[in-house]
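# Sharing a model that was predicted from the sequence below.
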Amino acid sequence: MGLVSARDPVADLRRIAFLLERANEATYRVRAFRSAAATVAALPAEELRARVEAGTLSELSGVGDVTARCVAESLSGEEPVYLRRLTATEGTDLGDAAAALREALRGDCHVHSDWSDGGSPIEEMALAAVELGHEYMVLTDHSPRLTVARGLTPDRLRRQLDHVARLNDALPAGFRVLTGIEVDILADGSLDQEDELLARLDLVVGSVHSGLRDDASRMTHRMLTAIANPHLDVLGHMTGRKVAAAGAGDRGHRAGRTRPPSDFDLEKVLAACVEHGKAVEINSRPDRLDPPKRMLRVAVEAGCLFTIDTDAHAPGQLDWLHFGCERAALCAVPPERVVNTWTAEALLGWTAGHSGD
């Protein structure tokens, strides 16, 4: 079999994994292609060619018959059939307003890595964001109390900040990782991280992850206290709801697992966001789509700022922004009030502007 080096089989395997993630396919299927990519990337070129010619590539750990076939097709200069089929069905027909909003987004303010409960290294998430045309990505791994998500202790967060500083020196020009956190809003409304560290971060997303069935009075007080905290910038997935989503998705986000919205005084919470200059997140995850459209319309009328975020836990999920853009367009969210349509400098100026509330 004459092999041609016209394609990169590792890139093809990673692209397949990306498209599967974006389609919210089962985690095991995505992992199969990412594992194969890692195995193939570690092989010397000559050994890879020899194994493909001998048909022994699938004998290696992490490579199965399907992924081995993709590698062989790629090395022969052909687009793998698996990738071709995915590419033929990719893309979503957005309305003009939603498409224009998606085009205007410069970055994503809610992204996870394998430092907490994400599935990929920061570097891999960043390079996927670059490929999507982003100018920045805010890294928002979880805070200490969320132990199920391997939340970052203060020491681990400090190490992550050092890591991001080094990484930004190596990333393509015109793109940077902004430092952040998805900090738990605790039962008393305080934020689950040291104030000194929160002050160092570029952007802080605050979310409720526990006590979601608190009564309305308690939940309202909890949210108002957090919004008034000068370190908080974005109120993440405001209602905490879960909706049935097609596909199995990543760990902890299984299709069909639903949860009703938390109960709180919406008008008071939105008024506090406006008063303190904080943004309401439009969470694009197919299993969240939070807040519901009826609440989003009230937030527009109230004059809120917004972010449209993916809450991505894997590279392919970074391309979920269109789900949020569709909802924003349906609810007439003004693009100029979506803070991640702003440049990084403008975004950082906004977060710094209310840090002394």
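It's in. The structure displayed is predicted, hence computed values, not measured ones.

# Next, the contact list for the nearest residue to residue 161 once chain neighbours are set aside, please.
Of all residues not flanking residue 161 in the chain, residue 179 sits nearest, at 5.7 Å (Cβ to Cβ, 6 or more residues apart in numbering). All C-beta atoms are positioned from the backbone trio N, CA, C, and that covers glycine. Residue 179 makes contacts with 138-139, 160-161, 164, 200-203, as judged by Cβ atoms under 8 Å, 6 or more residues apart in numbering.

# Pull the number of nearby residues for residue 107.
When counting by other Cβ atoms under 10 Å, one arrives at 27 neighbours for residue 107.

# Test for you: state the pLDDT assigned to it.
In the prediction, the pLDDT value recorded for residue 107 is 98.

# Is it correct that it is in contact with residue 343?
No - judged on Cβ atoms under 8 Å, residue 107 makes no contact with residue 343 at a distance of 9.3 Å.

# Name the residues contacting each of those two.
Residues touching both residue 107 and residue 343 by Cβ under 8 Å, 6+ apart: residue 135.

# how close does residue 133 sit to residue 123?
According to Cβ to Cβ, to the nearest Å, residue 133 stands 18 Å off from residue 123.

# Of those two, give the one with the bigger neighbour count.
Neighbour tally, residue 133 and residue 123, criterion other Cβ under 10 Å: the higher count belongs to residue 123, 14 against 11.

# Name the helix or strand for that one, please.
Using DSSP states H and E, residue 123 sits within helix 122-131.

# who does that helix touch, helix- and strand-wise?
strand 107-111, strand 136-139, helix 154-170 (3 or more Cβ pairs under 8 Å, 6 or more residues apart in numbering; DSSP states H and E).

# How far does the last one sit from its chain's centre?
Once both centres are worked out by Cα atoms, centre = their mean, to the nearest Å, helix 154-170 turns out to sit 18 Å from its chain's centre.

# Please apply the same query to stretch 118-126.
Counting by Cα atoms, centre = their mean, stretch 118-126 comes out at 10 Å from the chain centroid.

# Low-confidence stretches in the stretch 1-150 of the chain?
Residue ranges of the stretch 1-150 of the chain with pLDDT under 70: 1-6, 89-93.

# the helices in it, which residues?
Under the criterion DSSP state H, counting those that start in this stretch, helices of the stretch 1-150 of the chain are mapped to 9-22, 27-41, 45-54, 65-75, 81-89, 96-104, 122-131.

# TSV for these, including distance to residue 291?
Listed next are the helices of the stretch 1-150 of the chain as TSV, based on distance: least, Cβ to Cβ, whole Å:
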stretch	distance to residue 291
helix 9-22	23
helix 27-41	27
helix 45-54	49
helix 65-75	40
helix 81-89	30
helix 96-104	17
helix 122-131	24
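
# right, so those helices: which one is the most enclosed?
Greatest average neighbour count among the helices of the stretch 1-150 of the chain goes to helix 9-22 (a mean of 23), per mean count of other Cβ atoms under 10 Å.

# ok and that one relative to helix 122-131, angle-wise?
Angle between the axes of helix 9-22 and helix 122-131 is 80 degrees (criterion: axes from the mean of the first three to the mean of the last three Cα atoms, to 10 degrees).

# name the helices or strands packed onto helix 9-22?
Partner elements for helix 9-22 (3+ Cβ pairs under 8 Å, 6+ apart): helix 27-41, helix 65-75, helix 81-89.

# Of all those, which one is nearest residue 19?
Nearest to residue 19 among the helices and strands packed on helix 9-22 is helix 81-89; the distance by Cβ to Cβ comes to 4.4 Å.

# Not counting its own residues, what contacts the closest one?
12, 15-16, 19-20, 23, 66, 69-70, 73, 79.

# Quick one: residues contacting residue 265.
Shown in contact with residue 265 (Cβ under 8 Å, 6+ apart): 216, 220.

# Next one, pLDDT for it please.
Confidence score, pLDDT, at residue 265: 97.

# again, but for the one 5 residues further on
In this prediction, residue 270 carries a pLDDT score of 98.

# Ignoring the adjacent residues along the chain, who's closest to it?
Once flanking residues are discounted, residue 270 sits nearest to residue 302: 4.2 Å by Cβ to Cβ, 6+ apart.

# burial measure for that neighbour, as a count.
If you count neighbours by other Cβ under 10 Å, residue 302 ends up with 15.

# mind checking how far the residue nearest the centre of the chain is from residue 141?
By Cα atoms, centre = their mean, the chain has its centre lying nearest to residue 312, at 2.0 Å. Distance, residue 312 to residue 141, using Cβ to Cβ: 12 Å.

# and for the two, which residues touch both?
Residues touching both residue 312 and residue 141 by Cβ under 8 Å, 6+ apart: 112, 118.

# And the strands in the stretch 251-357 of the chain, which stretches?
For the stretch 251-357 of the chain, applying DSSP state E, counting those that start in this stretch gives strands covering 279-283, 305-309.

# Redo the ones you listed as TSV? Include distance to residue 169, mean neighbour count and mean pLDDT.
Compiled in TSV, those are given as follows (distance: least, Cβ to Cβ, whole Å; neighbours: other Cβ atoms under 10 Å; pLDDT from 0 to 100):
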stretch	distance to residue 169	mean neighbour count	mean pLDDT
strand 279-283	29	26	98
strand 305-309	26	26	98
